[in-house]
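Q: Need coordinates for the following:
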Amino acid sequence: MSKIKIAIVGVGNCVSSLVQGIHHYTGDKLENPIGLMHSEIGDYNPGDIEVVAAFDIDARKVGRDLHEAIFADPNCTTVFAVTFPLPA
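A: Prediction:
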């Protein structure tokens with residue numbers, strides 16, 4: 001089964017939660033998916049989502065990898081995906 005490929009416009013707090021959630025709920029975390037309404041939709045789960053493009057106009061985010069841009073100011077989302085690669 002192929003991945004669900006998504007493109008994102010606006011790398012704000014909601015996208016930060018979405019991207020962290022995709023990484024957080026992949027693998028073993030799906031056995032006890034606290035915080036998810038549905039851990040599967042059809043045959044798909046969060047690990048089947050792949051972000052292929054992301055766009056923003058804020059200079060603090062433009063040109064940065066998505067895993068860095070989702071934590072750039074003015075974003076203030078709580079970091080909950082401890083396995084997610086955080087920027088140095």
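
Q: all contacts plus neighbour counts: C-alpha atoms, from now on.
A: Will do.

Q: How about the backbone phi and psi for the residue nearest the centre of the chain?
A: In the chain, the centroid-proximal residue (C-alpha atoms, centre = their mean) is Val19; its distance is 0.3 Å. Main-chain dihedrals, Val19, degrees, to the nearest 10: phi -70, psi -40.

Q: Can you give me the neighbour number for Ile49?
A: Look at Ile49: counted by other C-alpha atoms under 10 Å, it has 17 neighbours.

Q: Kindly report the same for Leu36.
A: Leu36, neighbours per other C-alpha under 10 Å, totals 12.

Q: And the pLDDT at it?
A: If you check Leu36, the pLDDT there is 83.

Q: got it, and Leu86?
A: At Leu86, pLDDT is 56.

Q: Do a quick rundown of the strands in the protein.
A: 4-9, 49-55 (DSSP state E).

Q: Quick check: which of these has the most neighbours on average?
A: Comparing these by mean neighbour count (mean count of other C-alpha atoms under 10 Å), strand 49-55 comes out on top with a mean of 14.

Q: could you dump that strand to CSV, C-alpha only?
A: What follows is strand 49-55, C-alpha atoms only, in CSV (Å, rounded to 0.1, in the frame of the first residue of the first chain):
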residue,chain,number,x,y,z
ILE,A,49,1.4,9.9,6.0
GLU,A,50,4.4,11.5,4.2
VAL,A,51,5.0,15.2,4.0
VAL,A,52,6.4,15.9,0.6
ALA,A,53,6.3,19.7,0.5
ALA,A,54,5.8,22.5,3.0
PHE,A,55,5.5,26.3,2.3
